[in-house]
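A.B. asks: My questions concern the predicted model and sequence given below.
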Amino acid sequence: MISAGAIAVTALGPAADPAQRFARILDCLGRFAGCPPTVDGAVYRSEAETGDRNRAPAYLIRGTGALAGDPAEAVETSFRQCAVLATVEDLAVMAATPANGGVNPVTGAPVVPEPVVVRVLALMATCGMYDASGDWMVRVGLPAKSGVSDGLVAAGPARFGIAAHSPPLDAVGNPVRGVAALRELSERFGLHLMHNPATAAATVVPLRKDEHGAAVQGALDFTAAERVLFALYECAPDTPGAVLLDLDRVTAVDAAAEAMLRRALALLSEQGHTVTVTGLPRASWKQRRSV
């Protein structure tokens, strides 16, 4: 999860020559992102002109027997990887792919086997944030990886992928505001892997075709609330109308889920819809409430 490791892994890629090796890498990155990536030539040239601190460890690694092939070729290919362009949305999909067991959630295409995902996420959790990895795991609690591009990706297994891009970097090489934003999100929505989850996954069912809304059964946490929000916006009428959220069979709602539902219902109301909620078992909600 540092430059020396990236160079060693690059050299392991099976290929007849450096061009074929980089083509394989670029194709793999594209499958993670769900779109063909491009390379910034100016960034590559800058890396190649100023990359002696990466060339030196490459030769040291070969001296230990851990690097196959020509160190110079491995470093040059690694420089090209460093120049691959990506949007924050691309990065989020890249993070969501391992979170989804190695299947790209946008394209539905398998990218890497699930056993590989387990190992990668474990490494991201233990050392993906450089010397701040321990502090990150305690405070944020998500497998993550940052880089000198000021980018940061994190994965919530079976839940989501998230990305941030915000210079500058802190003393250990992580984006200051990106770290602060993800820490806030983790605390606010209970995203930490060690956070006590809902006792049972909620089920979200759309209402009949002649009705606009959804019915929910079970306990609502961040993950379940996200599914409810998706269902509500998918079934909302194109023009202002009635939307029903049936929570009669909801057994519990945590604070993050309640905040998400309140905000979503308020937005639907602002769009002109009449939103009715039934049966939410919390004192702060009425049994039948129109927003």
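C.D. replies: Structure received. Numbering: from 1, shown residues only.
A.B. asks: what comes up buried for stretch 137-150?
C.D. replies: 137, 140-147, 149-150 (16 or more other C-beta atoms under 10 Å). All C-beta spots, glycine's among them, are computed from the backbone N, C-alpha and C.
A.B. asks: quick one: buried residues of stretch 259-277?
C.D. replies: So for stretch 259-277, counting by 16+ other C-beta under 10 Å, buried means 260-261, 264-265, 268, 273, 275-277.
A.B. asks: Show me the domain layout of this structure.
C.D. replies: 1-85, 86-195, 203-290 (automatic domain parsing).
A.B. asks: returning to what we had before: the buried residues of stretch 137-150 in helices, which ones?
C.D. replies: Residues from the buried residues of stretch 137-150 lying in helices, with DSSP state H as the criterion: Met137.
A.B. asks: and the residue lying farthest from the centre of the chain, how far is that from Pro57?
C.D. replies: Distance from the C-alpha centroid of the chain, by C-alpha atoms, centre = their mean, peaks at Gly63 (36.6 Å). Gly63 is 10 Å from Pro57, where distance means C-beta to C-beta, to the nearest Å.
A.B. asks: sorry, back to before: export the helix or strand hosting the residue farthest from the centre of the chain as PDB, just CAs?
C.D. replies: Using DSSP states H and E, Gly63 maps to helix 52-64. Output of helix 52-64 as PDB, limited to C-alpha atoms (Å, rounded to 0.1, in the frame of the first residue of the first chain):
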ATOM      1  CA  ASP A  52      14.300   9.000  -8.800                       C
ATOM      2  CA  ARG A  53      13.100   8.300  -5.200                       C
ATOM      3  CA  ASN A  54      10.900   5.600  -6.700                       C
ATOM      4  CA  ARG A  55      13.600   4.200  -9.000                       C
ATOM      5  CA  ALA A  56      16.000   3.600  -6.000                       C
ATOM      6  CA  PRO A  57      13.700   1.300  -4.000                       C
ATOM      7  CA  ALA A  58      12.900  -0.600  -7.100                       C
ATOM      8  CA  TYR A  59      16.500  -1.700  -7.400                       C
ATOM      9  CA  LEU A  60      16.600  -2.500  -3.700                       C
ATOM     10  CA  ILE A  61      13.500  -4.700  -4.000                       C
ATOM     11  CA  ARG A  62      15.100  -6.600  -6.900                       C
ATOM     12  CA  GLY A  63      18.200  -7.100  -4.700                       C
ATOM     13  CA  THR A  64      16.000  -9.000  -2.200                       C
END
